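Chemist: okay, sequence plus prediction incoming.
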Amino acid sequence: MPAGMKYVVIVGDGMADYGIEALGGKTPLMVARTPHMDWLAQHGEIGLVRTIPDGFTPGSEIANLSIFGYDPHRYYTGRGPLEAASLGVRLDPKDIAFRCNLVTLHFEGSKILMEDFSAGHISDEEAKRIIIDLDREMGTKEIRFYPGVSYRHLMVFQNGAAKFSALDQLELTPPHDITGREIASFLPRVGGSEGSGGDRILSLMKKSQELLKNHPVNLEREAKGLRLANSIWLWGQGRSPQMTTLEERFGIEGYVISAVHLLKGIGILAGLKVLEVPGATGYFDTNYDGKAEYALKGLKEKDFVYVHVEAPDEAGHMGDLRLKIEMIETFDEKIVGAILKGLKSFERYRVLVLPDHATPLSMRTHAADPVPYVIYSSEKELRNDSVEGFDEATARKSQVFIGKGFELIERFLRTHSSN
């Protein structure tokens, strides 16, 4: 790596979208006021990158593994073990970690609907009380529950791969993919191959519903008119991956900044240190100013910082057009703009900005479409007079396409080095 060079990757989760009729066929990125990302596109390299390989569910775990430079075909084993790394939960080779959401189910006679995959974005404190109680009531020598942030938690099945032959191969659906839908066809398979463990997983989910029905946290939330955390939803299972660090691959050290345990976990496995930002929530009220401030402080100590902001993705899951545009504009002003301003104090730097995946408002979940990216280098500033801004259509017109998302990091770190 060039001596003294600083590198910043800035991810606006779920910013990409499809054309919307109410916007005259334009996307939120096309209509949002984003002067800083537009400037980068006009003075850097803009293109499209496929962060979700064919055959993979378009989740943030797959997309961000790609952005970090890891081929999901080789390194992805499940979302649970990535979050375990962030929580400091050590996994033995045969342990299987599951993502454990607190969700709101709606019961209509014999039908059960996924009303809210986040249990009304339950607070950290409320969720911790619930998870601790679930671990006490449902935990065993084999099964443990670990509190995370808001609705995002962890369950570990110790030695699960040895006890159940196909437990880490079950098809478990992310709850955010089925918002408003009946859950019956998305439950773990029961009666499949012998020893698969699907019946055990389903039993845990049903038992949690009984325990949470009259839990003090839910009684308090009901009195306030808030959505209840009336079930767990298990998904994203897998065993701990073995990953070569960014320092081993590129000779680079740095930090990851995110409120989401998934991103912290990938960063830790990639050899980065986590910079904890006070007030970072992974929601609309996150500490945007703090994330930019900590990123710049981190660059004074190390050469690489990966900054992740969840808010645009949350707006996409809600299907809220106005809010998604607002979150994209906030991301541009308070994250991209603030970091660009601070980078001027460094002699040499490069910036990579992109969504990890699309979260179309029409779908309210993730999509696998290629997403726009921009690479800017202070050493090789370009002038793209034909580029109006940073968006999906402009990236497509550039005819620059990175088909394997995990190759983008090498393009970012190496291709633009000075000669």
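Modeler: Here it is on my side, so go on. What you are looking at is a predicted structure, and each value in this text was computed from that prediction instead of being measured.
Chemist: state the number of residues packed around Glu61.
Modeler: Residues lying near Glu61 (other Cβ atoms under 10 Å) number 27. C-betas here are computed from N, CA, C, even on glycine.
Chemist: ignoring the adjacent residues along the chain, who's closest to it?
Modeler: Leaving aside its sequence neighbours, Glu61 sits nearest to Arg79 (Cβ to Cβ, 6 or more residues apart in numbering; 4.5 Å).
Chemist: shaky segments in the protein?
Modeler: 1-3, 189-196, 415-419 (pLDDT under 70).
Chemist: phi, psi of the spatially most central residue of it?
Modeler: Per Cα atoms, centre = their mean, the C-alpha nearest to the average position across the chain is that of Ser60, at 3.9 Å. Taking degrees, to the nearest 10, you get phi -60, psi -30 for the backbone angles of Ser60.
Chemist: what's the answer for Lys334, then?
Modeler: Backbone torsions of Lys334, given as degrees, to the nearest 10, read phi -90, psi -20.
Chemist: from the chain's centroid, how far away is the longest strand anywhere in the chain?
Modeler: Counting residues, the longest strand in the chain under DSSP state E turns out to be strand 96-108. Between the centre of strand 96-108 and the centre of its chain there are 18 Å (Cα atoms, centre = their mean, to the nearest Å).
Chemist: adjust the sequence numbering to begin at 16 for everything that follows.
Modeler: Got it, first residue is 16 now, which makes that one strand 111-123.
Chemist: is it true that Val366 touches Lys359?
Modeler: No: Val366 is beyond contact range of Lys359, at 11.9 Å (criterion: Cβ atoms under 8 Å).
Chemist: neighbour count: those two, which is higher?
Modeler: Remark: of Val366 and Lys359, Val366 carries more neighbours, 22 against 9, as counted by other Cβ under 10 Å.
Chemist: which residues in the stretch 166-315 of the chain form strands?
Modeler: 167-172, 246-253, 269-272, 288-289 (DSSP state E, counting those that start in this stretch).
Chemist: of these, which is nearest Ser133?
Modeler: Taking Cβ to Cβ, strand 167-172 is the member of the strands of the stretch 166-315 of the chain nearest to Ser133, at 8.5 Å.
Chemist: partners of that closest one in the sheet?
Modeler: strand 111-123 (antiparallel), strand 158-164 (antiparallel) (DSSP bridges).
Chemist: winner for burial among these?
Modeler: Of all those, strand 111-123 carries the top mean neighbour count, a mean of 24, counting by mean count of other Cβ atoms under 10 Å.
Chemist: pull the CA atoms of that one into PDB?
Modeler: Written as PDB, here are the backbone C-alpha positions of strand 111-123 (Å, rounded to 0.1, in the frame of the first residue of the first chain):
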ATOM      1  CA  ILE A 111     -23.900 -23.700  15.400                       C
ATOM      2  CA  ALA A 112     -24.900 -20.000  16.000                       C
ATOM      3  CA  PHE A 113     -28.300 -18.700  15.000                       C
ATOM      4  CA  ARG A 114     -29.500 -15.100  14.600                       C
ATOM      5  CA  CYS A 115     -32.400 -14.800  17.100                       C
ATOM      6  CA  ASN A 116     -34.800 -12.000  16.300                       C
ATOM      7  CA  LEU A 117     -37.500 -10.800  18.700                       C
ATOM      8  CA  VAL A 118     -40.500 -10.400  16.500                       C
ATOM      9  CA  THR A 119     -44.200  -9.500  16.700                       C
ATOM     10  CA  LEU A 120     -46.500 -12.200  15.400                       C
ATOM     11  CA  HIS A 121     -50.200 -11.500  14.800                       C
ATOM     12  CA  PHE A 122     -52.600 -14.300  15.500                       C
ATOM     13  CA  GLU A 123     -55.800 -14.500  13.300                       C
END
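Chemist: what sits up against the following helix or strand past it?
Modeler: With elements assigned by DSSP states H and E, the helix or strand that comes after strand 111-123 is strand 126-131. Residues outside strand 126-131 that contact it (Cβ atoms under 8 Å, 6 or more residues apart in numbering): 118-121, 190, 193-199, 201, 242, 248.
Chemist: please pick the buried ones from those residues.
Modeler: 118-121, 190, 193-194, 198, 201, 242, 248 (16 or more other Cβ atoms under 10 Å).
Chemist: okay, those in a markdown table with distance to Arg264 next?
Modeler: Shown next, in a markdown table, are these (distance: Cβ to Cβ, whole Å):
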| residue | distance to Arg264 |
| --- | --- |
| Val118 | 38 |
| Thr119 | 42 |
| Leu120 | 43 |
| His121 | 47 |
| Pro190 | 34 |
| Ile193 | 37 |
| Thr194 | 38 |
| Ile198 | 41 |
| Phe201 | 38 |
| Arg242 | 43 |
| Trp248 | 35 |
